[in-house]
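[1] Let me see the structure of the following:
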Amino acid sequence: MNIYVVMKQTLDTEERIAIDQQQIVTEGAELIINPYDEYAIEEAVQLKEAHGGDVTVVTVGGSIAESALRTALAIGADKADLIEVDEQTELDSAATSMLFAAYFQDREYDLIVAGNVSIDNGSGQVGPRLAEELAIPAVTTATKLTVNENKATVERDVEGDLEIVEVPLPALITAQQGLNEPRYPSLPGIMKAKKKPLTVLEPEELEVAVEALKAKTKTIKRYLPPEKKTGVMLDGDIQQQVSELVSRLTTEKNIL
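    Now for the predicted structure:
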């Protein structure tokens, strides 16, 4: 099987976010593989182990994204491709899926796996947009994936319920939490990853003009959520606490 994983590098979920001039500050920040993409990589590696074949991981980003690709190689992917764009270029879902679609035009693939959503933008659009560009079936929020011959059977999360979908290959599947338990890179895997091929491609090599990558959506404003105020401890006996609580809800919160 020729399996591809579309992934993204994001800020660590525990990283403190800073905004300067309406831009998220990434200098000095810890960057990781998007957590949902970890499920996609793990599923691809498991499918390779079960059916044979190759796993190629591809991402769009600046040169710094090579570290995430090397991690994916250490987990078990065979090859990695970086579609390199200037780190200052802000791509939206339409531009990103356009680059991926151009990348796949001259490649043979049986299955493309992606994360259900990225933890930064959270649009969940790149996978479905890419499938539309490639004219292949797409199934999102997969919690179980079985591949037999030329079809895939997918169990998907539907707002707390379960739906089972069968699609012919090639197809694109997006991974939801619960699909598997992602493995950590082993020391031998990390050493092997240094020797695995990592290719850097420019948009022009994919016949995509830089002008075509202009975002079709615009971010009006970025801001951090308001800081949470500390709670108030009420003193006295139960009756006094109830009286003070009612008073505060009435005068401060206008609830009562």
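[2] domains in the protein, as residue ranges please.
    2-213, 228-256 (automatic domain parsing).
[3] So the closest residue to Gln241 other than its chain neighbours versus Thr96, what's the distance?
    Of all residues not flanking Gln241 in the chain, Leu234 sits nearest, at 4.2 Å (C-beta to C-beta, 6 or more residues apart in numbering). Every residue, glycine included, has its C-beta placed from N, CA and C. The spacing between Leu234 and Thr96, counted by C-beta to C-beta, to the nearest Å, is 51 Å.
[4] low-confidence ranges in this structure?
    Along the chain, segments meeting pLDDT under 70 span 21-22, 26, 28, 88, 253-256.
[5] Packing partners of whichever helix in it runs longest?
    For the chain, the helix with the greatest residue count under DSSP state H is helix 35-51. Judged by 3 or more C-beta pairs under 8 Å, 6 or more residues apart in numbering; DSSP states H and E, the packing partners of helix 35-51 are strand 2-7, strand 54-61, helix 66-75, strand 111-115, strand 138-148, strand 171-175.
[6] Serialize these to a markdown table and add fields for distance to Val242 and mean neighbour count.
    Below are the helices and strands packed on helix 35-51 laid out as a markdown table (distance: least, C-beta to C-beta, whole Å; neighbours: other C-beta atoms under 10 Å):
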| stretch | distance to Val242 | mean neighbour count |
| --- | --- | --- |
| strand 2-7 | 54 | 25 |
| strand 54-61 | 56 | 23 |
| helix 66-75 | 54 | 22 |
| strand 111-115 | 48 | 27 |
| strand 138-148 | 45 | 19 |
| strand 171-175 | 49 | 27 |
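[7] Compare the ones you listed and report which one is nearest to Glu205.
    strand 54-61 (13.1 Å; C-beta to C-beta).
[8] Partner strands of that closest one, with direction?
    Partner strands and pairing direction for strand 54-61 (DSSP bridges) are strand 2-7 (parallel), strand 79-84 (parallel).
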